[in-house]
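**Q** please work out how this folds:
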Amino acid sequence: MINGMNGERHNRASLIAFLCLLAIVSVFFLAMIVPYMLALLMGGILALLASPAYNFLLRKKYHPKRASLIVTLSLVVLVIVPLFGFTIVAVKQGISLSEQLSGGSGFSLVSISKYITRLPITQSILDNFDIAASQARSGIQSVLKSGTGAILVWFSDIPRICLHLFLSSLACFFFLIDGKRFVALLMDLLFMEESIRKNLIDSVQNAAISVVLANLAATTAQAVIVMIGFLVLGVPGPFLAAGAAFILAWLPVIGPVPVWVVGTVYLYAQHKVGFAIAMVIFGIVCGIVDNIVRPMVLKGNADMHPLLSLVAIFGGISTFGILGVIVGPLLAAIVMSLLQVWPIVRRRFGVKMEQRKNLEESETRVKV
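**A** Prediction:
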């Protein structure tokens, strides 16, 4: 009896010691990899989106490592490298435009303020418009200088960005090979049964398709249309406009409207009324393409509610930076997937909802 109690105490102490050691090591490990968590997350997203191509190569009898290498290198060559070069060109155009707007000749803040000052409606509204224009101009110039400083900081951070892109590519390679094994291990640690595990994985995959792939295709198409419009109509900063349109296109309702409106205003200020009308047509085409591409990619998968998508995007940007436009909605979709699977888990393990039980009891008493 005493030996049994001592053995139980010894086992309990060993369990507590193990859990404490696991907690301490886990805290240090997480603190060590936190700076690279976003890169690993992006690698997982890339692997999830590239899994159809990887499975296609596996069906063609390719070795898993070879198939993963082909898919990963294709992503690097066709997506990551062009996107990185596109970003550098867009940033350079942003610096050039900020310098032009800060200057006093051509299409600058000075010329814009002078043009607005000559408008009769402006003179009728503001008597001392020169003072207001000067204050507004100085404020915008300070914002432009701050933006230029941020862009220069981004350029100085290029080595770290390259490291994160390399880690994302490497993570994509290993997630393609061992992703299912990693997910199975995670589910085993969470003590999830096979049926629940399958429902959860299917739900997350559908959410990734609906949130990431559909939005990515639609926003890319709109950004390309905006860039073509800027190039064809001679508006400066086409790559910068495409980058801004790509980001804004994730926002429900708003979309890339501010970008092509700015292009329209620029063309109108240059007395190119026909080109300004053409820019409006490009903007309308953007909206039409969004309504065509998104349903084609979804193909029956449920889309996220616009309000939830908007909150997820703003929260993702504040937490993860510019990549939050993708990461934020994806995390929101995963949460929604967990909530969709929850009724299955509740029925499986007999979890009762006390609030519903009390409501049913009160309804029974009322009927009596």
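**Q** from here on, just use CA atoms for contacts and neighbour counts.
**A** Fine.
**Q** could you count how many residues lie near residue 216?
**A** 21 (other CA atoms under 10 Å).
**Q** revised request: answer the last question for residue 231.
**A** Residue 231 - counted by other CA under 10 Å - has 14 other residues nearby.
**Q** got the contact list for the closest residue in space to it that isn't next to it in sequence?
**A** Excluding the flanking residues, the one nearest residue 231 by CA to CA, 6 or more residues apart in numbering is residue 238, at 5.9 Å. When contacts are counted by CA atoms under 8 Å, 6 or more residues apart in numbering, residue 238 is found next to 90, 226-228, 230-231.
**Q** drop anything exposed from the residues you listed.
**A** Among these, those classed as buried by neighbour count (16 or more other CA atoms under 10 Å) are 90, 226-228, 230.
**Q** among the residues you listed, name the ones in strands.
**A** Among these, no residue falls in strands (DSSP state E).
**Q** farthest pair in the contacts of residue 238?
**A** Using CA to CA, the contacts of residue 238 span at most 14.3 Å, a distance reached by 90 and 228.
**Q** for residue 235, which residues are in contact?
**A** 263, 266-267.
**Q** rerun that using 7 Å as the cut-off
**A** residue 263 (CA atoms under 7 Å, 6 or more residues apart in numbering).
**Q** look up how far residue 269 lies from it.
**A** 12 Å (CA to CA, to the nearest Å).
**Q** element containing residue 159?
**A** Residue 159 belongs to helix 158-189 when assigned by DSSP states H and E.
**Q** how about the contacts made by residue 89?
**A** Contacts of residue 89 (CA under 7 Å, 6+ apart): residue 239.
**Q** now do it, the pLDDT please.
**A** Model confidence at residue 89, given as pLDDT, is 79.
**Q** again with residue 203
**A** On the pLDDT scale, residue 203 gets 69.
**Q** returning to what we had before: now, the contacts of residue 238 that are in helices?
**A** Among those, the members falling in helices are 90, 226-228, 230-231 (criterion: DSSP state H).
**Q** ok, these vs residue 242, which is closest?
**A** residue 227 (5.0 Å).
**Q** tell me the buried residues in stretch 243-259?
**A** Buried, per 16+ other CA under 10 Å, within stretch 243-259: 243-251, 255-257, 259.
**Q** quick one: residues in contact with stretch 216-224.
**A** With CA under 7 Å, 6+ apart, stretch 216-224 has contacts from 242-243, 245-246, 249-250, 286, 290, 293-294.
**Q** what is the neighbour count of the closest residue to residue 276 other than its chain neighbours?
**A** Once flanking residues are discounted, residue 276 sits nearest to residue 264: 4.7 Å by CA to CA, 6+ apart. Close neighbours of residue 264, defined as other CA under 10 Å, add up to 24.
**Q** ok, residue 264 to residue 250 distance?
**A** 21 Å.
**Q** same deal with residue 84?
**A** 20 Å.
**Q** can I see the domain layout of this structure?
**A** Here the domain parsing of the chain from automatic domain parsing is 35-180, 188-351.
**Q** could you tell me the least trusted of the ones you listed?
**A** domain 35-180 (a mean of 73).
**Q** so for residue 24, what pLDDT did the model give?
**A** 90.
**Q** could you do the one 4 residues further on as well?
**A** Confidence at residue 28, expressed as pLDDT, is 86.
**Q** so where does it fall, helix or strand?
**A** Using DSSP H and E, residue 28 falls in helix 2-33.
**Q** now residue 250
**A** Residue 250 belongs to no helix or strand, assigned by DSSP H and E.
**Q** ok, it to residue 227 distance?
**A** 17 Å.
**Q** contact partners for residue 227?
**A** 238-239, 241-242.
**Q** swap in residue 72?
**A** Residue 72 touches 169, 172-173, counting by CA under 7 Å, 6+ apart.
**Q** list the ones among the contacts of residue 227 that fall in strands.
**A** Per DSSP E, these never map to strands.
**Q** by neighbours, which of those residues wins?
**A** Result: residue 242 is most packed of those (other CA under 10 Å), 29 neighbours.
**Q** quick one: that one and residue 226 touch, right?
**A** Yes. Using CA atoms under 7 Å, residue 242 and residue 226 qualify as a contacting pair, with a distance of 5.8 Å.
**Q** what sits in contact with each of these two?
**A** Counting by CA under 7 Å, 6+ apart, nothing touches both residue 242 and residue 226.
**Q** let me have the buried residues of stretch 243-259 in TSV, extended by distance to residue 336.
**A** Output for the buried residues of stretch 243-259, formatted as TSV (distance: CA to CA, whole Å):
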residue	distance to residue 336
243	29
244	28
245	27
246	25
247	23
248	23
249	22
250	19
251	19
255	24
256	27
257	29
259	32
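**Q** rewinding a little: nearest to residue 46, of the contacts of residue 227?
**A** residue 242 (21.8 Å).
**Q** now do the SS call for residue 254.
**A** coil (DSSP: H, G, I helix; E, B strand; the rest coil).
**Q** look up how far residue 247 lies from it.
**A** 11 Å.
**Q** now for the helix or strand where the residue nearest to residue 276 lies, which elements pack on it?
**A** Here residue 264 sits within helix 257-269, counting by DSSP H and E. Here helix 257-269 touches helix 273-298, going by 3 or more CA pairs under 7 Å, 6 or more residues apart in numbering; DSSP states H and E.
**Q** in the helix it packs on, what counts as buried?
**A** Those buried within helix 273-298 under the rule 16+ other CA under 10 Å are 275-276, 278-280, 282-283, 286-287, 289-290, 293-295, 297-298.
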